[in-house]
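> dropping a prediction and its sequence here:
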Amino acid sequence: MTTLKKRLQDDLTAAIKARDELRSSTLRLTLSAVTNEEVAGKTARELSDDEVQKVIAREAKKRREAAEAFAQGGRPEQAERERAEGEVLAEYLPKQLDDAELAEIVRQAVAEAAAAGAEGPRAMGAVMKVVNPKVAGRAEGGRVAAEVKRQLAG
């Protein structure tokens with residue numbers, strides 16, 4: 001069994017014993033998503049820690065989007081609940097890059113792509129190819145793409 005999945009299960013057990021409803025329901029939903037991912041496809045398989053982390057990241061993104069939707073829909077209590085669930089999931093993800101760190105990584109990648117002859121907005125693909133492995137799991141794709149576009153335009 002993967003260590004991250006085991007940690008989720010152990011934390012779920014602890015949350016149930018502590019009667020922490022928010023944490024236990026969030027971990028239950030996340031473990032369900034992990035299990036669904038394991039049985040998807042033709043044959044069931046164990047997910048690696050990286051794959052489990054991707055599932056957790058996907059779940060966290062769902063919580064952020066739902067919180068925004070509830071906030072815009074005038075349901076602040078529901079939005080707050082979604083944010084709280086997102087914070088629980090954030091404990092299982094690597095620390096996210098701040099804007100300055102992301103900008104520096106992108107700046108280096110743009111310089112690398114320019115050295116290879118790719119410049120301007122057409123270099124987007126080449127730059128993303130360099131940046132994505134460096135930021136994997138530590139920055140959302142939309143944030144990365146926006147920063148790359150901003151630097152290529154400037």
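Sure thing, it's come through. This structure is a prediction, so every number in the text was calculated from the model and none was measured.
> shaky segments in this structure?
Scanning the chain with the threshold set as pLDDT under 70 gives 1-2.
> now the helices for it?
Taking DSSP state H as the test, the helices found in the chain are 3-17, 21-39, 49-72, 76-90, 99-115, 124-135, 141-153.
> columns mean neighbour count on top of these, output as a markdown table?
All C-beta atoms are positioned from the backbone trio N, CA, C, and that covers glycine. Output for the helices of the chain, formatted as a markdown table (neighbours: other CB atoms under 10 Å):
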| stretch | mean neighbour count |
| --- | --- |
| helix 3-17 | 15 |
| helix 21-39 | 16 |
| helix 49-72 | 17 |
| helix 76-90 | 17 |
| helix 99-115 | 16 |
| helix 124-135 | 16 |
| helix 141-153 | 15 |
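> grab the nearest non-local neighbour of the residue positioned nearest the centre of the chain.
Nearest residue to the geometric centre of the chain (CA atoms, centre = their mean): Ala57, 3.2 Å. In space, and not counting its chain neighbours, Ala57 is closest to Leu93: 5.9 Å by CB to CB, 6 or more residues apart in numbering.
> let me see the contact set for the one you found.
With contact taken as CB atoms under 8 Å, 6 or more residues apart in numbering, Leu93 is in contact with 53, 56-57, 60, 137.
> hmm, try it at 10 Å
Residues in contact with Leu93, defined by CB atoms under 10 Å, 6 or more residues apart in numbering, are 53-54, 56-57, 59-60, 137-138.
> and the two most separated of those?
In terms of CB to CB, the contacts of Leu93 reach their longest pairwise distance at Glu59 and Arg138, which sit 16.7 Å apart.
> rewinding a little: possible to save the contacts of Leu93 as CSV with distance to Leu31?
As requested, the contacts of Leu93 are exported to CSV (distance: CB to CB, whole Å):
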residue, distance to Leu31
Gln53, 14
Lys54, 15
Ile56, 10
Ala57, 15
Glu59, 10
Ala60, 14
Gly137, 19
Arg138, 23
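> going by distance to Thr26, which of these wins?
Thr26 lies nearest to Glu59 out of these, by CB to CB, at 8.4 Å.
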